[in-house]
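Visitor: this one's structure only:
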């Protein structure tokens, strides 16, 4: 059960509500976000909801069965729309492209990518500055200096930034240089990081774990929401299966299931989803066709020379064709 409190609730009203819950032996958790003030309740037995609903200071009471509460479609029927800035939103009727290199490598690379994005009317650039790598000898990004260079170039051109944060102690330093924090697959169940991002008033894109279930992804989102941040975006990026013909298995079933279970926007990552450059185009179309709210794609001026993930990165010309075709598709199936 979710109790949504009035924004103007008085302390005396709050005390009466909490006293009533105690008398009914209902365990509750206070949750205050950018958009609302709630009490998440876990009753141990059935009770008459009218004993709660009539109390002053309560805006609404929602019965929410199932394991996920705040991210559940059973609570919030209307789909969430994530406001990135005054003009840019993710979700609703908008289809969002996020594109850029796996890793930020140089100022020239950033400028080339920005030019490509602007030519294709794409407003969000992805790029890693802290790169978790399987091999400890691989390129791991340019760190904070790279992020500041990234931010400066993008802000001068009206482009928003999404980049990965790996540890709670990075958040404060990164905060002023990031528009959307990305939680990568390896950190999908890093609960210390998720709780810390609950204290941030910026959108969070949460990727599904390498072998994570849909329920586990939703629980990870619940961690962020419960700690105060409603600005959540889910990302299907492929999962590890027995198949070895491609990097991951892009689970497009997950898009429909996530949108049934949750009110949050769902983004598809076809680059990691299949991991093979020539198939990214087809998987992008498939992701758009099944109802994703957007795509996050790895692009590079010379893909074969990309410092990381070269095998799945597409060139600027191919990206332009992909954007055009996806937009045509969305017009047809709208």
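Guide: Cool, got the structure. Since the model is a prediction, treat every value here as computed from it, not as a measurement.

Visitor: all contacts plus neighbour counts: C-alpha atoms, from now on.
Guide: OK.

Visitor: quick one, domains of the protein?
Guide: For the chain, automatic domain parsing gives the domain ranges 2-62, 82-333.

Visitor: Comparing these, which comes out most buried?
Guide: Looking across the domains of the chain with neighbours counted as mean count of other CA atoms under 10 Å, the highest average goes to domain 82-333: a mean of 19.

Visitor: just how off-centre is it within its chain?
Guide: Once both centres are worked out by CA atoms, centre = their mean, to the nearest Å, domain 82-333 turns out to sit 8 Å from its chain's centre.

Visitor: Mean confidence (pLDDT) on that domain, please.
Guide: Here domain 82-333 scores 95 as its mean pLDDT.

Visitor: Confirm for me that residue 249 is in contact with residue 274.
Guide: Yes: taking contact to mean CA atoms under 8 Å, the distance of 6.3 Å between residue 249 and residue 274 places them in contact.

Visitor: between the domains of the chain, which one is nearest to residue 68?
Guide: Residue 68 sits nearest to domain 82-333 of all the domains of the chain, at 6.5 Å, using CA to CA.

Visitor: about what we covered before: could I get the domains of the chain as a markdown table with distance to residue 69?
Guide: Listed next are the domains of the chain as a markdown table, based on distance: least, CA to CA, whole Å:
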| stretch | distance to residue 69 |
| --- | --- |
| domain 2-62 | 7 |
| domain 82-333 | 7 |
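
Visitor: Quick one: closest of those to residue 71.
Guide: When the domains of the chain are ranked by distance to residue 71, counting by CA to CA, first place goes to domain 82-333 at 5.4 Å.

Visitor: re the thing from before, overlap of the contact sets of residue 249 and residue 274?
Guide: When contacts are counted by CA atoms under 8 Å, 6 or more residues apart in numbering, residue 249 and residue 274 have residue 238 as shared neighbours.

Visitor: Would you mind measuring from residue 317 to residue 149?
Guide: Residue 317 is 25 Å from residue 149, where distance means CA to CA, to the nearest Å.

Visitor: actually residue 62, not the one I wrote
Guide: Note on residue 62: its distance to residue 149, by CA to CA, is 46 Å.

Visitor: now do residue 101
Guide: From residue 101 over to residue 149 (counting by CA to CA), the distance is 14 Å.

Visitor: Next: residue 333.
Guide: Noted for residue 333: a distance of 39 Å to residue 149, by CA to CA.

Visitor: do the same with residue 93
Guide: Distance from residue 93 to residue 149, by CA to CA: 33 Å.

Visitor: Just grab the bridge partners of the residue sitting nearest the centre point of the chain for me.
Guide: Nearest to the mean C-alpha position of the chain, counting by CA atoms, centre = their mean, stands residue 205 at 2.1 Å. On the basis of DSSP bridges, residue 205 takes part in beta bridges with residue 182, residue 233.

Visitor: Tell me who's in contact with it.
Guide: Under the criterion of CA under 8 Å, 6+ apart, the contact list for residue 205 reads 180, 181, 182, 183, 232, 233, 234, 235.
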